[in-house]
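> Model the structure of this input:
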Amino acid sequence: MSEKKDLKLIRNIGIMAHIDAGKTTTTERILYYTGKTHRIGEVDDGAATMDWMEQEKERGITITSAATTCYWNKHEINIIDTPGHVDFTVEVERALRVLDGAVGLFCAVGGVEPQSETVWLQADKYRVPRIAFVNKMDRVGADFYRTVKEMNEKFMVKCLPIQIPGGEEDRFEGIIDLITMTYRTHKEETLGADYTDGPIPEQHVEKAEQSRQELLEAISDYDDELLDKLLNDKLIVASDMIRAIRKAVIACFFVPVLCGSALKNRGVQRLLDAIVDFLPAPNDLPPIEGISPDGKKKLIRKSDPNEPAAALAFKIVSDPHAGRLCYVRIYSGEIQPATYLLNPNSGIKERIGRILRMHSNKREDVKVARAGDIVAIIGFRKTTTGDTLCSPKHPIRLDLMQFPEPVIFVAIEPKSKSDQDKLDEALVRLEEEDPTFKVKTDQETGQTIISGMGELHLDILIDRMIREFNVQANIGKPQVAYKETITEGVDSEGKFDRMTGGKNQFGHVVLHIEPAENGTPFAFQNKIADDTIPREFIPAVERGVKRSMNNGVIAGYPLTGIKVSLINGSAHDVDSTELGYEVAATMAFESAARKAKPVVLEPVMDVEVVCPETYMGNVVGDLNQRRGKIHGMVPRNNLQVVSASVPLGEMFGYATALRNLTQGRGVYTMQFSKYAPLPKDVSDKMFSNLMYT
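Next up, the predicted model:
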């Protein structure tokens, strides 16, 4: 990495999909065919290169995103393999934030599954150009054309094949390339490393020509030269189509769809070709935008080693051998060990100790990293996920990363005094690594409460505490992270006038609180036009309100979705203090919240259950009993797919219940949808003894 590289030859990509679509299996083949590894590691054997954590090997799933670098056709490909389970969606979010392109994997049997839609929307959020790979074409029930149809129905972008399969299920023997109009077969004895490109079998010629014509008509909209050739019946060569597809992909107007079977070693080399041909290099994309540290000036940084350094920290890892690793994407400039970068979020300068190129959990020291590189840095002590790192002489602050709030929590306490310090250290380290993992202390009970995105998420974190930090602890039962809000607007007055600490403290405010619009968690507005309350005390009023929102008035859950306006008050010439106004605001807000018809909010999950039709009645009846709302039932091959919204509190233990209902033949996926009011009868039953009067 010390030699200067041509940015045009770099691809920073992620592989994303629903759980069990074959992301890690595909990545293993990519590493094998590019020569990065000399054997193929299988997920089912716990030997996958990218699934290096013990928890990943045992469960056969990806938990944390892993980075690696490989080379194909003289191009450097930096890959991040992301998890598919919804509990680890933060890993996908922060990877997509720093990537230039992505490969969306889809199961030919399952089609576009719920988490596939979620990660696709995350990629839309960051305008990440994509290609699609329909995997598992050899499986019973595989249907390439149905999967492509679902993609076009569910995604707001044109998705068209650039390959079609030569048969499906056990008849899947080869892949027809619509750009070169050739038929590729792979040799099993060399694990697919050797292949043959030949003429398209006669039975597939008509379908191939029809599909190629559809592809040409679609992509000609993005390339005038290709359109001219198409309209005038001129010879169209592969380079014409590749050029047009590349333009459309980088503009996020078009998604080329490929097919194959990673497990059977078919189609992965063409996928690598597509990554190189269609996904953008760092300098194909617009310059990264940011602002000056004071927030007054808009700044940009081009993907150029000669620009001032600018990078984004997107992941923190506690490595047992190397210590604290900070993964960064370098957008501009270059960085070297023993130099300093500024963190404009904190104002702290951080010294670069070592720069590492990562291959899963293995490390390679490099002397310099430049624009377009994704590396890990040792030496940063205060940098956290989402922080900008830049040249101290040319400061810039990039957009902060937003992460979802936890929806489930458990109480945890050490088994002995000797475990307390180890537990504290473990919690600090894990919270640094994972922005969706939160730790707090319950003020009433003194218990330590940890919260996360789901039962599996917390199970993994607790398992890591035990294994990596040798913590012995008692764990409570999972609890739902309820919230509270208000349903009406009210005014309320708070006045504090008391001697504390040898000084009289005065504050007087009148607040108006109302439900916030558009799902905003909190908004504060000062509507006092004159100096009825001196300007320097306004921040203290807001602090008092925010502090009150931590504990709701029904059951003590945090309040959300509230707009607070300061509409009146008064001041004392001598005794007005920040503490006085903070306490007065707390009094006014708590009083108003009680009068504003508060309600409890519960997290509601989008649930999809796949089962044989025989068990449909049992499944739907059970979901109804769990207060679920059925949205639809659609056939998928010989199975039925039930879509529903169900409160999270009703879904504990559902995996066992579903196995019993379907004799082990049903599966389900679940992801957070929204917070919704808890029905009054349920709320009264759960919280009537806690309700303030």
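> What is the neighbour count of Gln213?
Gln213 is flanked by 12 other residues according to other Cβ atoms under 10 Å. Where C-beta positions appear, they are placed from N, C-alpha and C, glycine not excepted.
> swap in Asn73?
Neighbour tally, Asn73, other Cβ under 10 Å: 12.
> do the same with Ala238
Neighbours of Ala238 (other Cβ under 10 Å): 13.
> Quickly list what Gln479 is bridged to.
Note on Gln479: beta-bridge partners by DSSP bridges are Phe409.
> contacting residues for it?
Residues in contact with Gln479 (Cβ atoms under 8 Å, 6 or more residues apart in numbering) are Ile408, Phe409, Val410, Ala411.
> Of those, which is the nearest to Ala21?
Checking those against Ala21 with Cβ to Cβ, the nearest one is Ile408 at 24.9 Å.
> May I see the buried residues of the strand or helix carrying Met670?
Per DSSP states H and E: Met670 is located in strand 667-677. By 16 or more other Cβ atoms under 10 Å, the buried positions in strand 667-677 come out as Val667, Tyr668, Thr669, Met670, Gln671, Phe672, Tyr675.
> what's the answer for stretch 456-466, then?
By 16+ other Cβ under 10 Å, the buried positions in stretch 456-466 come out as Leu456, His457, Leu458, Asp459, Ile460, Leu461, Ile462, Arg464, Met465.
> now the residues you listed as CSV including secondary structure and distance to Leu31?
Converted to CSV, the buried residues of stretch 456-466 look like this (DSSP: H, G, I helix; E, B strand; the rest coil; distance: Cβ to Cβ, whole Å):
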residue, secondary structure, distance to Leu31
Leu456, helix, 26
His457, helix, 27
Leu458, helix, 31
Asp459, helix, 29
Ile460, helix, 24
Leu461, helix, 28
Ile462, helix, 31
Arg464, helix, 25
Met465, helix, 31
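> Which residue, other than its chain neighbours, is closest to Ser570?
With sequence-adjacent residues excluded and distances taken as Cβ to Cβ, 6 or more residues apart in numbering, Ser570 is closest to His508, at 4.5 Å.
> pretty sure that neighbour is in a strand, no?
Yes - counting by DSSP: H, G, I helix; E, B strand; the rest coil, His508 is located in a strand.
> Would you mind measuring from it to Ile528?
12 Å (Cβ to Cβ, to the nearest Å).
> Repeat that for Glu514.
Glu514 is 17 Å from Ile528, by Cβ to Cβ.
> if you count what's nearby, which of these two comes out ahead?
Glu514 (19 against 16).
> Bridged to the more buried one, which residues?
Lys563.
> tell me the contacts of it?
Ile486, Glu488, Gly489, Val490, Ile562, Lys563, Ser565, Ala596.
> Other residues contacting the one helix or strand Thr196 maps to?
Thr196 is part of strand 195-198 when elements are defined by DSSP H and E. Contacting residues not belonging to strand 195-198 are listed as Asp177, Thr180, Thr182, Tyr183, Arg184, Thr185, His186, Lys187, Gln269 [Cβ under 8 Å, 6+ apart].
> Now the second one: closest residue in space, sequence neighbours ignored.
Counting by Cβ to Cβ, 6+ apart, Thr180 lies nearest to Ala238, which is 5.4 Å off, once chain neighbours are set aside.
> Please report how far the one you found lies from Glu217.
Distance of Ala238 to Glu217, given as Cβ to Cβ: 17 Å.
> before we move on, what about Tyr654?
47 Å.
> neighbour count winner among those two?
More neighbours surround Tyr654 than the other of Tyr654 and Glu217, with 20 against 12 (other Cβ under 10 Å).
> Need phi/psi at Ile466.
Backbone geometry at Ile466, expressed as degrees, to the nearest 10, gives phi -70, psi -40.
> swap in the one 10 residues further on?
When quoted as degrees, to the nearest 10, the phi and psi of Gly476 stand at phi -80, psi 180.
> Now Thr388, what are its backbone angles?
phi -90, psi 150.
> unless I'm mixing things up, it is touching Ile396, no?
Yes - taking Cβ atoms under 8 Å as the definition, Thr388 is a contact partner of Ile396 at 6.7 Å.
> Any idea how many residues pack against the spatially closest residue to Met401 that is not a sequence neighbour?
Nearest residue to Met401 in three dimensions, chain neighbours excluded: Gly386, at 3.8 Å (Cβ to Cβ, 6+ apart). Applying other Cβ under 10 Å, we find 19 residues neighbouring Gly386.
> what does the one 4 residues further on give?
For Cys390, the tally of surrounding residues (other Cβ under 10 Å) stands at 26.
> For it, give me its contacts.
Pro308, Ala309, Ala310, Ala311, Leu341, Leu342, Pro344, Ile396, Arg397.
> again, but for Arg627
For Arg627, the contacting residues are Val646, Pro647, Glu650, Pro679, Val682, by Cβ under 8 Å, 6+ apart.
> go with 7 Å
Counting by Cβ atoms under 7 Å, 6 or more residues apart in numbering, Arg627 makes contact with Val646, Pro647, Glu650.
> Ok, Ile176 next?
Contacts of Ile176 by Cβ under 7 Å, 6+ apart are Gln163, Ile164, Gly166, Tyr183, Ile200, His204, Ala208.
> Helices along the stretch 201-350 of the chain, start to end?
Taking DSSP state H, counting those that start in this stretch to define them, one finds helices in the stretch 201-350 of the chain at 202-219, 224-231, 238-250, 268-278.
> Can you list the buried residues in the first one?
Buried residues in helix 202-219, counting neighbours by 16+ other Cβ under 10 Å, are found at His204, Ala208, Ser211, Arg212, Leu215, Leu216, Ala218, Ile219.
> go on, the second one?
Applying a neighbour-count criterion of 16+ other Cβ under 10 Å, one finds Leu226, Leu227, Lys229, Leu230 buried in helix 224-231.
> Closest one of those residues to Lys417?
Leu226 (73.0 Å).
> Could you report the distance from the residue nearest the centre of the chain to Gln402?
Centroid-nearest residue in the chain, with Cα atoms, centre = their mean: Glu93, separated by 2.5 Å. As defined by Cβ to Cβ, Glu93 lies at a distance of 8 Å from Gln402.
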